[in-house]
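# The following comprises the amino acid sequence and a computationally predicted model.
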Amino acid sequence: MGNLLKILSNNCLDSSPGFSEEIFLDFDNVIPKEDERQVYNTVSPILAESQDILRDLTNYEGAAAEIKKCIQSPSDQEHKDHTWNTLLPLVVRLKRYFEFSSALTEAYIDIIRELTRHQGSATHQLEQKQALARQLGDLLHFTLNFDKKKMENSQIQNDYSFFRRLTNFYSRMKDVKLPGEKNEELTQAQANDISFFYAKPTPMLSILSEATVKFVDGQNEDVKLKTLTILSTFANITKTMIEKNEFRSKLSTESIQLCERVMTAAIILYDHVHPNGAFEKKSAIDVKGAIKLLLSPDENNAMLNALRYTTKTINSDSTQKQIKQLLEVRS
């Protein structure tokens, strides 16, 4: 994410939207310190698996042809059997993605908890625990990347919906035996949970939003404010990295996309946690500037849609009118 960056970051402990604290984050050359290592080692395999998940999702082609034949010839049992047998291994993959969301959530909360549990400011913890800060960035990057690929592939939801439709015929509301060495079974409760997961425009981000709210609800005011500071800091840092030419010129296309996704995810998570959301005039995040950066490249439609449809307060009266206009959201 670029070389050592010096940036003035918003401080959520200050009601003023002005910049108030210098922090240094080096996302390229981080080695975990001893006090980071336990959490770092726990999160590392999750991030490694996330890359495998993305590769698998990228190669997901689905069963559109089989489903079409089955719909066109509803009484043809051979077509129906072939479609069912084609869908089952796809459901194994969709179930894996769904179950990974739980591991991702645990890793995310582990990092947030570690960055907020010590004395001192949250920005100081970010500066002192840069390996965990990098992992948090990678985690948010994966989350938006997964959701973007899911939104771009409507066949995922179509496949699962048709699988549920055929389930009544093949399993008669009993557990479904899935193919593979693990001899997995899909219970009706799991099947329902997976349906709800994929019905959301941004399933991974929605899971993290719910987890963030649940985490801060059980914490004291100090931890709540530190959590908000971490999210606002990430949003402002990544915005500055892609906004200022002195930083952007040193970034690869991949790093720019990473910054855009981390920025968007941090804004959405902040919006779910802060009592007044992310879009009010006194927000600790320069949301207006962030949206303007996302409006230029066409490939950012997924992130703009995430801001439109998965934030909590975008339709609130306190949301700045210019932000609603930029996102084309009706008041």
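That came through, no problem.
# Skipping adjacent residues, who's closest to the residue most central in space within the chain in space?
Against the mean C-alpha coordinate of the chain, by Cα atoms, centre = their mean, the closest residue is residue 143 at 2.9 Å. Nearest residue to residue 143 in three dimensions, chain neighbours excluded: residue 204, at 4.5 Å (Cβ to Cβ, 6 or more residues apart in numbering). Every C-beta, even on glycine, is put in place using the N, C-alpha and C of the backbone.
# just residue 128 next, same as before
The nearest residue in space to residue 128 (Cβ to Cβ, 6+ apart) is residue 33, at 7.7 Å.
# can you list the domain ranges for the protein.
Annotated domains of the chain cover 31-202, 219-330 [the TED database].
# Let me know the average pLDDT across the first one.
Throughout domain 31-202, pLDDT has a mean value of 92.
# Same question for the last one.
Domain 219-330 shows a mean pLDDT of 87 in the predicted model.
# mind exporting stretch 146-157 as PDB, just the C-alpha atoms?
Taking C-alpha atoms only, stretch 146-157 is exported to PDB below (Å, rounded to 0.1, in the frame of the first residue of the first chain):
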ATOM      1  CA  PHE A 146     -15.500 -10.700  -2.400                       C
ATOM      2  CA  ASP A 147     -18.700  -8.700  -2.400                       C
ATOM      3  CA  LYS A 148     -17.900  -7.100  -5.700                       C
ATOM      4  CA  LYS A 149     -17.300 -10.400  -7.400                       C
ATOM      5  CA  LYS A 150     -20.500 -11.800  -5.800                       C
ATOM      6  CA  MET A 151     -22.600  -8.800  -7.100                       C
ATOM      7  CA  GLU A 152     -21.100  -9.200 -10.600                       C
ATOM      8  CA  ASN A 153     -22.100 -12.900 -10.800                       C
ATOM      9  CA  SER A 154     -25.900 -13.200 -10.600                       C
ATOM     10  CA  GLN A 155     -25.600 -16.900 -11.300                       C
ATOM     11  CA  ILE A 156     -24.500 -17.500  -7.700                       C
ATOM     12  CA  GLN A 157     -27.900 -16.600  -6.300                       C
END
